[in-house]
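This is a predicted model, with the sequence first.
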Amino acid sequence: GNSVTQMEGPVTLSEEAFLTINCTYTATGYPSLFWYVQYPGEGLQLLLKATKADDKGSNKGFEATYRKETTSFHLEKGSVQVSDSAVYFCAAAGDSNYQLIWGAGTKLIIKP
Amino acid sequence: NAGVMQNPRHLVRRRGQEARLRCSPMKGHSHVYWYRQLPEEGLKFMVYLQKENIIDESGMPKERFSAEFPKEGPSILRIQQVVRGDSAAYFCASSPLVGEKLFFGSGTQLSVL
(Lines give C-alpha, C1' and ligand atoms only; values in the text may rest on other atoms or scores of the structure.)
Protein backbone atom coordinates (compact mmCIF):
# COMPACT_ATOMS: atom_id res chain seq x y z
CA GLY A 1 0.00 0.00 0.00
CA ASN A 2 0.91 3.67 -0.15
CA SER A 3 3.24 4.97 2.53
CA VAL A 4 5.19 8.05 3.58
CA THR A 5 8.52 7.90 5.38
CA GLN A 6 10.19 10.89 6.95
CA MET A 7 13.39 11.28 8.91
CA GLU A 8 13.25 10.61 12.60
CA GLY A 9 13.58 13.38 15.08
CA PRO A 10 14.28 15.27 17.02
CA VAL A 11 16.34 17.42 14.72
CA THR A 12 18.26 20.05 16.67
CA LEU A 13 19.81 23.03 14.92
CA SER A 14 21.17 26.43 15.82
CA GLU A 15 19.42 29.57 14.66
CA GLU A 16 20.26 30.55 11.06
CA ALA A 17 21.31 27.01 10.15
CA PHE A 18 20.14 25.32 6.94
CA LEU A 19 17.32 22.85 7.39
CA THR A 20 16.47 19.69 5.48
CA ILE A 21 13.81 17.24 6.61
CA ASN A 22 13.68 14.24 4.31
CA CYS A 23 10.43 12.74 3.10
CA THR A 24 9.95 9.89 0.64
CA TYR A 25 6.77 8.20 -0.49
CA THR A 26 5.58 5.06 -2.19
CA ALA A 27 2.35 5.36 -4.11
CA THR A 28 0.42 4.29 -7.13
CA GLY A 29 0.68 7.15 -9.56
CA TYR A 30 1.67 10.66 -8.55
CA PRO A 31 -0.37 11.90 -5.62
CA SER A 32 -0.36 15.46 -4.33
CA LEU A 33 2.17 15.93 -1.54
CA PHE A 34 1.92 18.08 1.57
CA TRP A 35 3.88 19.38 4.52
CA TYR A 36 1.95 20.20 7.69
CA VAL A 37 3.36 21.90 10.79
CA GLN A 38 2.22 21.71 14.39
CA TYR A 39 3.51 24.48 16.63
CA PRO A 40 3.50 23.80 20.39
CA GLY A 41 -0.05 23.81 21.75
CA GLU A 42 -1.66 24.32 18.36
CA GLY A 43 -3.36 22.22 15.70
CA LEU A 44 -1.73 20.92 12.54
CA GLN A 45 -1.77 23.46 9.75
CA LEU A 46 -0.92 23.15 6.09
CA LEU A 47 2.52 24.61 5.41
CA LEU A 48 2.87 23.94 1.69
CA LYS A 49 1.87 21.52 -1.03
CA ALA A 50 2.71 20.37 -4.55
CA THR A 51 0.23 18.74 -6.88
CA LYS A 52 2.44 17.37 -9.66
CA ALA A 53 5.99 16.35 -10.47
CA ASP A 54 8.58 19.14 -10.45
CA ASP A 55 6.19 21.49 -8.67
CA LYS A 56 7.75 23.51 -5.86
CA GLY A 57 5.65 24.42 -2.86
CA SER A 58 6.79 27.33 -0.72
CA ASN A 59 5.61 29.26 2.31
CA LYS A 60 7.20 31.19 5.20
CA GLY A 61 10.68 30.61 3.74
CA PHE A 62 10.17 26.85 3.51
CA GLU A 63 10.35 25.03 0.19
CA ALA A 64 9.82 21.49 -1.05
CA THR A 65 10.10 20.14 -4.60
CA TYR A 66 8.11 17.17 -5.84
CA ARG A 67 10.69 14.81 -7.33
CA LYS A 68 9.15 11.80 -9.00
CA GLU A 69 12.53 10.28 -9.95
CA THR A 70 13.47 9.90 -6.31
CA THR A 71 9.86 9.84 -4.99
CA SER A 72 10.84 12.54 -2.55
CA PHE A 73 9.45 15.79 -1.16
CA HIS A 74 12.17 17.07 1.16
CA LEU A 75 11.46 20.18 3.22
CA GLU A 76 14.15 22.88 3.21
CA LYS A 77 14.73 26.30 4.70
CA GLY A 78 17.83 28.38 4.24
CA SER A 79 17.98 30.01 7.68
CA VAL A 80 15.85 28.69 10.52
CA GLN A 81 14.60 30.68 13.48
CA VAL A 82 13.67 29.72 17.01
CA SER A 83 10.02 30.24 16.06
CA ASP A 84 10.30 27.39 13.53
CA SER A 85 10.51 24.91 16.40
CA ALA A 86 7.59 22.56 15.81
CA VAL A 87 6.65 19.10 14.59
CA TYR A 88 6.60 18.74 10.80
CA PHE A 89 4.48 16.12 9.04
CA CYS A 90 4.84 14.98 5.44
CA ALA A 91 1.73 13.54 3.78
CA ALA A 92 0.51 12.23 0.43
CA ALA A 93 -3.00 12.37 -0.95
CA GLY A 94 -5.03 9.24 -0.49
CA ASP A 95 -8.43 8.18 -1.75
CA SER A 96 -9.98 11.45 -0.60
CA ASN A 97 -8.83 14.81 0.74
CA TYR A 98 -9.42 13.64 4.30
CA GLN A 99 -7.66 10.29 3.89
CA LEU A 100 -4.09 11.48 3.57
CA ILE A 101 -1.18 9.08 4.01
CA TRP A 102 0.90 10.57 6.82
CA GLY A 103 4.50 10.33 7.90
CA ALA A 104 5.25 9.93 11.60
CA GLY A 105 6.33 13.55 12.05
CA THR A 106 9.72 15.11 12.74
CA LYS A 107 10.26 17.29 15.77
CA LEU A 108 12.45 20.29 15.02
CA ILE A 109 14.22 22.14 17.83
CA ILE A 110 15.97 25.40 17.06
CA LYS A 111 18.36 26.75 19.67
CA PRO A 112 19.23 30.44 19.87
CA ASN B 1 -13.01 32.92 14.99
CA ALA B 2 -11.75 30.23 17.31
CA GLY B 3 -10.05 27.26 15.75
CA VAL B 4 -10.91 23.61 16.19
CA MET B 5 -11.07 22.95 19.91
CA GLN B 6 -10.30 19.58 21.40
CA ASN B 7 -10.55 18.63 25.03
CA PRO B 8 -9.17 17.40 27.19
CA ARG B 9 -5.57 17.95 26.07
CA HIS B 10 -4.44 14.98 28.12
CA LEU B 11 -6.58 12.09 29.34
CA VAL B 12 -5.43 9.29 31.60
CA ARG B 13 -7.53 6.16 31.98
CA ARG B 14 -7.04 2.76 33.56
CA ARG B 15 -7.62 -0.39 31.54
CA GLY B 16 -11.32 -1.14 31.25
CA GLN B 17 -12.51 2.44 31.73
CA GLU B 18 -14.22 4.57 29.12
CA ALA B 19 -12.61 7.49 27.34
CA ARG B 20 -14.59 10.38 25.85
CA LEU B 21 -12.82 12.81 23.58
CA ARG B 22 -14.51 16.01 22.46
CA CYS B 23 -14.08 18.11 19.37
CA SER B 24 -15.74 21.44 18.64
CA PRO B 25 -15.31 22.33 14.96
CA MET B 26 -14.67 25.81 13.69
CA LYS B 27 -17.73 28.02 13.49
CA GLY B 28 -19.64 27.29 10.32
CA HIS B 29 -18.01 23.89 9.75
CA SER B 30 -20.38 20.93 9.58
CA HIS B 31 -17.85 18.24 8.61
CA VAL B 32 -15.68 16.61 11.27
CA TYR B 33 -12.91 14.05 10.90
CA TRP B 34 -11.10 11.99 13.55
CA TYR B 35 -7.56 10.63 13.28
CA ARG B 36 -5.36 8.54 15.55
CA GLN B 37 -1.60 8.71 15.80
CA LEU B 38 0.01 5.73 17.49
CA PRO B 39 3.56 6.19 18.84
CA GLU B 40 6.18 6.38 16.08
CA GLU B 41 3.51 6.28 13.35
CA GLY B 42 1.68 8.73 11.11
CA LEU B 43 -1.89 9.86 11.55
CA LYS B 44 -4.49 7.31 10.52
CA PHE B 45 -8.00 8.27 9.44
CA MET B 46 -10.74 6.90 11.66
CA VAL B 47 -14.11 8.44 10.86
CA TYR B 48 -15.81 11.28 8.99
CA LEU B 49 -19.06 12.74 10.27
CA GLN B 50 -21.48 15.38 9.15
CA LYS B 51 -24.09 16.73 11.51
CA GLU B 52 -25.96 13.72 12.97
CA ASN B 53 -24.57 11.37 10.30
CA ILE B 54 -21.58 9.08 9.96
CA ILE B 55 -20.37 9.42 6.38
CA ASP B 56 -17.25 7.24 6.38
CA GLU B 57 -16.14 5.00 9.23
CA SER B 58 -13.79 2.83 7.24
CA GLY B 59 -10.90 3.54 9.64
CA MET B 60 -12.75 2.85 12.87
CA PRO B 61 -11.93 -0.31 14.81
CA LYS B 62 -14.94 -2.60 14.72
CA GLU B 63 -15.30 -2.91 18.48
CA ARG B 64 -15.24 -0.51 21.43
CA PHE B 65 -14.97 2.66 19.32
CA SER B 66 -17.86 4.92 18.38
CA ALA B 67 -18.30 8.50 17.24
CA GLU B 68 -21.13 10.96 17.07
CA PHE B 69 -21.73 14.52 15.98
CA PRO B 70 -25.07 15.64 17.35
CA LYS B 71 -27.15 18.51 16.07
CA GLU B 72 -26.05 20.57 19.06
CA GLY B 73 -22.70 20.33 20.80
CA PRO B 74 -19.31 18.88 20.00
CA SER B 75 -18.39 15.70 18.23
CA ILE B 76 -17.55 12.89 20.63
CA LEU B 77 -15.16 9.99 20.07
CA ARG B 78 -15.93 7.30 22.61
CA ILE B 79 -13.67 4.40 23.47
CA GLN B 80 -15.14 1.76 25.75
CA GLN B 81 -13.09 -0.62 27.90
CA VAL B 82 -9.81 0.98 26.96
CA VAL B 83 -6.66 -1.12 26.57
CA ARG B 84 -3.02 -0.05 26.62
CA GLY B 85 -2.90 -0.21 22.82
CA ASP B 86 -5.41 2.65 22.67
CA SER B 87 -2.74 5.02 24.04
CA ALA B 88 -2.24 7.52 21.25
CA ALA B 89 -2.78 11.09 20.13
CA TYR B 90 -6.26 11.64 18.73
CA PHE B 91 -6.71 14.54 16.33
CA CYS B 92 -9.88 16.12 15.08
CA ALA B 93 -10.27 18.25 11.96
CA SER B 94 -13.16 20.15 10.45
CA SER B 95 -14.07 21.68 7.11
CA PRO B 96 -16.95 23.83 5.86
CA LEU B 97 -17.66 21.50 2.96
CA VAL B 98 -16.33 18.10 1.95
CA GLY B 99 -13.25 18.38 -0.24
CA GLU B 100 -12.24 21.71 1.21
CA LYS B 101 -9.26 22.55 3.37
CA LEU B 102 -9.07 20.78 6.71
CA PHE B 103 -8.47 22.69 9.94
CA PHE B 104 -6.98 20.61 12.74
CA GLY B 105 -7.24 20.74 16.50
CA SER B 106 -4.22 20.36 18.77
CA GLY B 107 -5.13 16.81 19.70
CA THR B 108 -5.93 14.78 22.81
CA GLN B 109 -3.18 12.59 24.23
CA LEU B 110 -4.77 9.46 25.70
CA SER B 111 -2.69 7.42 28.10
CA VAL B 112 -4.00 4.07 29.32
CA LEU B 113 -2.38 2.76 32.48
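That came through, no problem.

Okay, residue A:6 and residue B:2: tell me how far apart.
30 Å (Cβ to Cβ, to the nearest Å). For every residue, glycine as well, the C-beta is placed using N, CA and C.

How many residues are close by the closest residue to residue A:42 other than its chain neighbours?
Distance criterion Cβ to Cβ, 6 or more residues apart in numbering or on different chains; nearest residue to residue A:42, sequence neighbours excluded, is residue B:106 at 5.5 Å. Residues within reach of residue B:106, counting by other Cβ atoms under 10 Å in any protein chain shown, total 21.

What residues does chain B have near chain A?
B:3-4, B:33, B:37, B:40-45, B:48, B:56, B:59, B:91, B:93, B:95, B:98-107 (Cβ under 8 Å from any Cβ of the partner chain).

Among those residues, name the ones in helices.
Using DSSP state H, the subset of those located in helices is empty.

hmm, which of the residues you listed are the buried ones?
B:3-4, B:33, B:37, B:42-45, B:48, B:56, B:59, B:91, B:93, B:95, B:102-107 (16 or more other Cβ atoms under 10 Å in any protein chain shown).

Among the residues you listed, which are located in strands?
Residues of those located in strands (DSSP state E): B:33, B:37, B:44, B:45, B:48, B:56, B:91, B:93, B:95, B:103, B:104.

Let me have the residues you listed in TSV, extended by distance to residue A:18 and pLDDT.
Shown next, in TSV, are these (distance: Cβ to Cβ, whole Å; pLDDT from 0 to 100):
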residue	distance to residue A:18	pLDDT
B:33	35	96
B:37	28	93
B:44	32	94
B:45	34	95
B:48	39	96
B:56	41	95
B:91	30	96
B:93	32	95
B:95	35	93
B:103	31	92
B:104	28	93
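
Return the member of the residues you listed nearest to chain A.
Among those, residue B:104 lies closest to chain A (Cβ to the nearest Cβ), at 3.8 Å.

Chain B contacts on chain A?
Of all the residues in chain A, those lying near chain B are A:4, A:36, A:38, A:41-46, A:89, A:91, A:94, A:96-105, going by Cβ under 8 Å from any Cβ.

try 7 Å
A:4, A:41-46, A:97-99, A:102-104 (Cβ under 7 Å from any Cβ of the partner chain).

Closest to residue B:20 out of those residues?
Residue B:20 lies nearest to residue A:43 out of the residues of chain A next to chain B, by Cβ to Cβ, at 19.6 Å.

doesn't the closest one fall inside a strand?
No: under DSSP: H, G, I helix; E, B strand; the rest coil, residue A:43 sits outside any strand and is assigned coil.

Who is the residue nearest to it when sequence neighbours are not counted paired with across the strands?
Distances taken as Cβ to Cβ, 6+ apart put residue B:104 closest to residue A:43, at 3.8 Å, once the chain neighbours are dropped. Going by DSSP bridges, residue B:104 is paired in beta bridges with residue B:93.

pretty sure residue B:104 is touching residue B:6, no?
No: taking contacts as Cβ atoms under 7 Å, residue B:104 lies outside contact range of residue B:6: 9.1 Å.
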